[in-house]
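Novice: My questions concern the predicted model and sequence given below.
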Amino acid sequence: MDFASFIGIISGLALIVGAIFYGSSDFSIFINVPGIMIVIGGTVAATLLTFQFKDTMAALRAMFIVFAQDKQDPQAMITTMLSLTKIARREGLVALSRVDADSPFLKRALGMASDASDEEYIRNTLQADIDSLKMRHYVVQDVFKKMGTYAPAFGMLGTLIGLIQMLAQLDDPETIGPSMAVALLTTFYGSLLATVIFNPIAGKLKARTILEIQTLEIIRDGTVSLLGSNNYLAVYERLSSYVPAHQRKPAGIGGGD
Amino acid sequence: MDFASFIGIISGLALIVGAIFYGSSDFSIFINVPGIMIVIGGTVAATLLTFQFKDTMAALRAMFIVFAQDKQDPQAMITTMLSLTKIARREGLVALSRVDADSPFLKRALGMASDASDEEYIRNTLQADIDSLKMRHYVVQDVFKKMGTYAPAFGMLGTLIGLIQMLAQLDDPETIGPSMAVALLTTFYGSLLATVIFNPIAGKLKARTILEIQTLEIIRDGTVSLLGSNNYLAVYERLSSYVPAHQRKPAGIGGGD
Amino acid sequence: MDFASFIGIISGLALIVGAIFYGSSDFSIFINVPGIMIVIGGTVAATLLTFQFKDTMAALRAMFIVFAQDKQDPQAMITTMLSLTKIARREGLVALSRVDADSPFLKRALGMASDASDEEYIRNTLQADIDSLKMRHYVVQDVFKKMGTYAPAFGMLGTLIGLIQMLAQLDDPETIGPSMAVALLTTFYGSLLATVIFNPIAGKLKARTILEIQTLEIIRDGTVSLLGSNNYLAVYERLSSYVPAHQRKPAGIGGGD
Amino acid sequence: MDFASFIGIISGLALIVGAIFYGSSDFSIFINVPGIMIVIGGTVAATLLTFQFKDTMAALRAMFIVFAQDKQDPQAMITTMLSLTKIARREGLVALSRVDADSPFLKRALGMASDASDEEYIRNTLQADIDSLKMRHYVVQDVFKKMGTYAPAFGMLGTLIGLIQMLAQLDDPETIGPSMAVALLTTFYGSLLATVIFNPIAGKLKARTILEIQTLEIIRDGTVSLLGSNNYLAVYERLSSYVPAHQRKPAGIGGGD
Amino acid sequence: MDFASFIGIISGLALIVGAIFYGSSDFSIFINVPGIMIVIGGTVAATLLTFQFKDTMAALRAMFIVFAQDKQDPQAMITTMLSLTKIARREGLVALSRVDADSPFLKRALGMASDASDEEYIRNTLQADIDSLKMRHYVVQDVFKKMGTYAPAFGMLGTLIGLIQMLAQLDDPETIGPSMAVALLTTFYGSLLATVIFNPIAGKLKARTILEIQTLEIIRDGTVSLLGSNNYLAVYERLSSYVPAHQRKPAGIGGGD
C-alpha cells in the first residue's frame, strides 16, 4: 500500500467535502447526476477517441497500481547486483543463469551475461528494452494528462449549456441564482477531477517511471561492468553514482570477501 | 472499424445532446446557423491559410482513417519477420525478393536485403524513410491541433461580436438574456468542436503514428539482424524488446524448426 | 499566387464581416479609430522593441511572400537531381559547374561537386547553409508568433483602460452599455488580428520552411550520393525516401537511358 | 543567510499586507480558516499523491536551504583546482588522495586521479554523478512547480464551492457581497502562495542547481585536464571558460611558481 | 543608440497614454501609488527570491544595454577573419598574436592559433566559452521572462484585494464603480509592464544573444579553418554559410591579393 498516495487522495477529497459542509449543511446542491454524467462520460468518451483501446485499459490498470506499494528500489538493486558480482567471481558467469530473478529484465540481462554475449550487444538490447518500456509508460501517463484537460473542458461545456438555457428563458428572475449554481456544478466537477485525481495520478506515474528506469539502468550498467571487470569494487564504483553521496554505504559493508 | 473511436465520438456527442434535452425540451435555441458558419468556416479559413493545401487535404483524409480499423500490429510483424528468417535460412537471402509483402516499406527492406546491400546502407535508407513518414504524419496531426485552437478562437470572436452589438444597443432590457444566449453559442460551438472532435482526433493520429513507427522499426531491425545472423533466435531476441515482457511468447512457439 | 492562402484570409475576414452585418445593419459600431491605433500601433511598437530592426523588416517582406506561389517542390528537385546524375555520368563531374541552376544553394553544391571536393566537406558546408537558413526562418516565424501574442495583450490593455474610465465615472447608467461595447472593441481587434492573420501566417511560414528545408536536403543528399556512386538508381533510391511510398514514380520513368 | 531570498519573501508578503491595510483597516476579512485549510491542505494532499513520499520530504528540506547561504562558488573552485595542480606537480598524483576535501564529489574525483584511473573512466563516472544529481534536483524543483499549479487550482475549487452555495440560496440580496468576498478569498490564497512562495522557490532551486552543476563540471574538467597535462596554465585555460571574460584573473596571480 | 528599441518603447507607452487621454481628460484616475507599489515592488521581491542576486543585477544592467547600439555584426566579423587570413599567410601564424582585437574572445582565439595549438583543442575551448556565455545570457533573459509573469500575477493579487474589500463592505452602491476601477488598476499596471516592457526586453536580449553567438561561431570556425588551410577562399567558403545567399559578396572583393 502506498500510504502517501492513499492519504493524498483521501485527504484531498475530504477537504473538499468538509469545505462544502462548512459553507452549508445542504450537501444535495452539489449532487447533479446529469452534470456528473456529462463530465465523467465526456472525459471517458474523448479518451476512447484519443487513445488506442488497449492504452486506455492499461491506464485504468495503472490507476490501481498507483495505490499499491512500489516495488522498485534502486538501493536494493545495487545490493543485488553486488551480490551477483560475487557469484560471478566464485562460480563463473555461467552460474548467473541459475540465479532466480523476479524481474524479467534482470533475468534477460543475466541470461545474456551467462551466454557470454558481446558487451555492446547486451548494452544495446537492454537499452532497447528500457526505451520500449519508457515509451509504453509515457503513453499511460499521457492518458491521465489528457483526462486532466478533457474533464475541465467538458465541465465548461456543461456550464455553457446551462448558461445558454438560463439566458434564453429569463422568465423568472427568482430562478437565475439556482440555475447558475447548477450550471457552475459541471465546471466544479471538471476541476475537481483534474486537480484531485487525474493530474496527481499522471504525476505519480511519472515518478514511478523515473524510479523504474533507474532500477533498470542499474541492472544494465551492473551487468555490463560485471562482465567487463568481474571486480566487486569496480562494479560498486560504477553503480554508486545512482544514489546521492550521503546515502552511499561504504563498499565493504556486506561485501565480506 | 475502430470501435473505440466510433463509440468515443458518438457517445461524446450523445452526452452533449442529452444534457441539452435534459435542461430544456427546446433544442432549437442551440441551433444558430450564422454562428455555426463563423466557427466552422473561420476554422477552415484559418487552416487553409496556415497549411499547404495538400496538407489540409491529407488531414481530411486522415480524419476518416481514424475510424477505420488500424492495420498496424507490431506483434504480428514480429511473427512475420521471424517467418522471413526461416525463409532466408532455407532458401537464401535472394528468396526474400519473391515474398509478397503488403507494406511497401517491407517490400523495400526485403528488396535491399536480397540485393545483399550493405547493412549500414539498409539501416540508413530505412531510417530515412521512417523519418520522412514521421514528418508527414506530424504535419497532419498539427492540422488538427491547430484546428483545436482556431475553433475556440473563432467561437470567442463570434461571442465578442454578439456582446458588442448587444451592449451598443441596450434599448430593451428584455432582450439582454436571449442576446447573450445567442452570443455564447459560438463559444459553445468552438469548445465543442475542439474538445469532442479536433483534439481527440489529433491524439488518435499520434497514437496511430507511434504504432506505425514501431512496426517500421521492427521491419528495420528485423531486416538488419536477419542479414547479420540469419539466426531465428537472435532475430527473436532483438525484436522482443518491442513488446512488454509479459506479452513475449516463447521464441519456440510457431518456430517449429 | 498561393490560392489557399488567399482564399483563407479573404474568407476568414468575410465571415467576420458577414457575422457583424447579420447581427445588425450598423457596421459603424465596430469601427473605432483610437482602438485600432492602440492595438496595431502597440503590436508594432512591442515588435520593434523585441526584434532586431532588420528581422522585423524581413518579417514584413515574408508576409507578402506567403501569398505568392511557393516555388519549392521536392518532387521536382528529385527529378532535377536525377537528370544531373545523367549529366555527371555522360560528361563527368566537371560538367556540373556549367549547369544553369536557379537556386544559389544548388549552384554552390554543384560547384563543390565539380571541384571534386571531399564528400565530408560538401556535406558539412551544405548542412551549415541549411542550419543558417533554418535559424533565419525561425526568427521570421517568431516575429509573427510574438505579434500573435502582443495583439491580444494590447487589446486587453485597451479594454482595461475603457473599463476603468467607465467605472470611475458611473454618472449615467444609460452610457454603461455603449461604453462597455467600445471597451470590448480592442479585445475584439486584438483577437481578430491574432486568429485571422498573425497566427496563421506564422504557421504558413513554418510549413514553407519545412518544404524548403526538404528541398535543400534533397540537393545535399543528391549531390553527395551522385559524387559517391555516379549511379542513377542508387541516387534515386537515396532520394525517394523524401516522398511517400505511393507517390514514388518507378525510377525508370524519364530515366530513359 | 541568503539575504536576497530573505528580503524577497519578506518584502513580497509585506507589500500584500500593506496593500490590504491601505484599502481598509479591517484585516480580519482576509482571514478565513476553512479557506486557508482547503488551499494549503489541498495543495499538500495533491503533492503527496503526485510525488514519492521521500521526494516531497526532500522538497520541504530544500525550502529551508533556499534561505541559507549558498556555498557553491565556481570562482573559488577554479582556484582550488589550480592549487591542486601545483600539489600534483610537486608531490605527484598520489598526493591528491591525501588532500582534505569538503565536497564528496571532489573527494571522489581526487581518489580516482590518485589511483591513476583511465581519463575516460574518470570523465564518465563523474558525469554519471552529475547526471544523477541533476535528476534528483529536477524532481525537487518539480515539487514546487506543481505546488505552484495546485494552489491556484484548489483556490478556484474553493471559490466555486462558495459561489455555488451563494447562488443556490439567493434569499437575501444583502449577503451577496460578503458571500462573494469570502468565496474569492481562496482564489486569493492560492494565487498568493503560488506567486510569492512556490514559483519563486522553484526558480531559486533551479538557479542553485545551475551553480552547483557548474562547480561540479569545473571539478570534472579540472581533474581530467590535471591528469592529462599536469600543467598549471593549461588547466587554467581550460577552466577559465566557466567565468565571463571580464572576470577572469590573470593566470599568474596566486600561481606563484 | 538602438533606435528601433527606443522608438518601440516610447511609442508603446505614448499609445497607452494617448488612449487614456482620448477616453477622458482626467488622467489622475490612472495614478494609484499603492497599486504601483504592489505591482512593481512585488515583481522585484519575487525576482529577488527567484534568482541569485548577481543575476538580478546583471539583468538590470542588460536592460540599459538593450537601448545601446549593438556592436555585434556577423558580416563585419567575416571581413575581419578574412583579413586575418591574409596576415597569417604573409607573416605566419605567430603574427596573429600581435593583432589588436577588441573582443576578448577573438584575442583568445588568435592567441591559441599563434601558439599553434591543436585544432581540436582550439575548437573545444572556444566552444566551451560559447556554451558558458549562452548559459549566462539565458539566465538574464529568464529574469525578464519571469518578471513578465510576476507583474500580471501581482496585478491580479492587487485586484483581488480590492474586489474582496469592496464586496465585503457593500454599504454604498455609489462607490462600487470607483472601487472596482481602483481594483482593476493593478491588473492594468501588471499587464502594461509585462506587455510593453518585460516581455519585449526578454525578446530583444534573445535576439542580441543569437547575433552574438553567431559572431563568436564565425570567430571559432574562422580560426579553425585559417589554421587548417591558410587559404583565403577556403576560409571565405566556410564562413559564408553564416549569411543569406543574396547577401554574400564575391570572395574577391576586398581580397585583392
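Specialist: On my side now, so go ahead.
Novice: just the helices in the stretch 151-257 of chain A please.
Specialist: Ranges of helices within the stretch 151-257 of chain A are A:176-192, A:199-228, A:232-239, based on DSSP state H, counting those that start in this stretch.
Novice: can you put these in TSV and add distance to chain C and mean neighbour count?
Specialist: C-beta coordinates here come from the backbone N, C-alpha and C atoms, glycine included. Below are the helices of the stretch 151-257 of chain A laid out as TSV (distance: least, Cβ to the nearest Cβ, whole Å; neighbours: other Cβ atoms under 10 Å in any protein chain shown):
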stretch	distance to chain C	mean neighbour count
helix A:176-192	19	23
helix A:199-228	25	22
helix A:232-239	36	21
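Novice: In chain A, which residue is most central in space?
Specialist: residue A:205 (1.1 Å; Cα atoms, centre = their mean).
Novice: if I read this right, that one contacts residue A:136, doesn't it?
Specialist: No: under the criterion of Cβ atoms under 8 Å, residue A:205 makes no contact with residue A:136, lying 11.3 Å away.
Novice: quick one on the thing from earlier: list the contacts for the residue nearest to the centre of chain A?
Specialist: Residue A:205 makes contact with A:62, A:66, A:137, A:140, A:141, A:144, according to Cβ atoms under 8 Å, 6 or more residues apart in numbering or on different chains.
Novice: May I ask which two of those residues are separated the most?
Specialist: Using Cβ to Cβ, the two most remote members of the contacts of residue A:205 are A:66 and A:137, lying 12.4 Å apart.
Novice: would CSV of the helices of the stretch 151-257 of chain A with mean pLDDT and distance to residue A:16 be doable?
Specialist: Converted to CSV, the helices of the stretch 151-257 of chain A look like this (pLDDT from 0 to 100; distance: least, Cβ to Cβ, whole Å):
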stretch, mean pLDDT, distance to residue A:16
helix A:176-192, 93, 7
helix A:199-228, 90, 14
helix A:232-239, 80, 44
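Novice: Which of those sits closest to residue E:171?
Specialist: Residue E:171 lies closest, by Cβ to Cβ, to one member of these: helix A:176-192, at 22.5 Å.
Novice: Could you export the closest one as CSV, CA atoms only?
Specialist: What follows is helix A:176-192, C-alpha atoms only, in CSV (Å, rounded to 0.1, in the frame of the first residue of the first chain):
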residue,chain,number,x,y,z
ILE,A,176,-31.4,32.9,-12.1
GLY,A,177,-29.4,32.1,-9.0
PRO,A,178,-30.2,28.4,-8.7
SER,A,179,-29.9,27.9,-12.5
MET,A,180,-26.4,29.4,-12.4
ALA,A,181,-25.5,27.3,-9.4
VAL,A,182,-26.4,24.2,-11.4
ALA,A,183,-24.6,25.4,-14.5
LEU,A,184,-21.4,26.0,-12.4
LEU,A,185,-21.6,22.5,-11.0
THR,A,186,-20.1,20.9,-14.1
THR,A,187,-17.2,23.3,-14.0
PHE,A,188,-16.7,22.3,-10.4
TYR,A,189,-16.8,18.6,-11.2
GLY,A,190,-14.3,19.0,-14.1
SER,A,191,-11.8,21.0,-12.0
LEU,A,192,-12.2,18.6,-9.1
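Novice: Show residues contacting it.
Specialist: A:16, A:29-30, A:32, A:35-36, A:38-40, A:151-159, A:161-163, A:165-166, A:170, D:153, D:156-157, D:160-161, D:163-170.
Novice: Are any of those residues buried, and if so which?
Specialist: Applying a neighbour-count criterion of 16 or more other Cβ atoms under 10 Å in any protein chain shown, the buried members of the contacts of helix A:176-192 are A:16, A:29-30, A:32, A:35, A:38-40, A:151-159, A:161-163, A:165-166, A:170, D:153, D:156-157, D:160-161, D:163-170.
Novice: Let's have the contacts of residue A:205 in CSV, adding neighbour count, pLDDT and distance to chain D.
Specialist: Output for those, formatted as CSV (neighbours: other Cβ atoms under 10 Å in any protein chain shown; pLDDT from 0 to 100; distance: Cβ to the nearest Cβ, whole Å):
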residue, neighbour count, pLDDT, distance to chain D
A:62, 19, 87, 14
A:66, 22, 82, 8
A:137, 19, 92, 15
A:140, 23, 93, 15
A:141, 19, 95, 12
A:144, 24, 97, 11
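Novice: quick revisit: just put the helices of the stretch 151-257 of chain A in TSV and tack on distance to residue C:240.
Specialist: Output for those, formatted as TSV (distance: least, Cβ to Cβ, whole Å):
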stretch	distance to residue C:240
helix A:176-192	49
helix A:199-228	37
helix A:232-239	45
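Novice: nearest to residue B:4, of those?
Specialist: helix A:199-228 (20.5 Å).
Novice: Residue A:174 and chain B, how far apart?
Specialist: 14 Å (Cβ to the nearest Cβ, to the nearest Å).
Novice: What of residue A:113?
Specialist: Computed as Cβ to the nearest Cβ, the residue A:113 to chain B distance reads 14 Å.
Novice: Secondary structure element for that residue, which one?
Specialist: helix A:104-114 (DSSP states H and E).
Novice: Would you mind measuring from the residue lying closest to residue A:135 once chain neighbours are set aside to residue A:210?
Specialist: What sits nearest to residue A:135 in space, not counting adjacent residues and going by Cβ to Cβ, 6 or more residues apart in numbering or on different chains, is residue B:210, at 7.3 Å. Applying Cβ to Cβ, to the nearest Å, the value for residue B:210 to residue A:210 is 21 Å.
Novice: pretty sure residue A:53 contacts residue B:4?
Specialist: Yes: with contact defined as Cβ under 8 Å, residue A:53 reaches residue B:4; the gap is 4.0 Å.
Novice: Look at these two and report which has more neighbours.
Specialist: Using other Cβ atoms under 10 Å in any protein chain shown as the criterion, residue A:53 and residue B:4 rank with residue B:4 on top: 22 against 15.
Novice: I figured that one hits residue A:48, correct?
Specialist: Yes: between residue B:4 and residue A:48 there is a contact under Cβ under 8 Å: 4.7 Å.
Novice: joint contacts of these two?
Specialist: By Cβ under 8 Å, 6+ apart, the residues touching both residue B:4 and residue A:48 are residue A:56.
Novice: wait, what's in contact with residue A:228?
Specialist: A:119, A:234.
Novice: Distance check, it against chain E.
Specialist: 28 Å.
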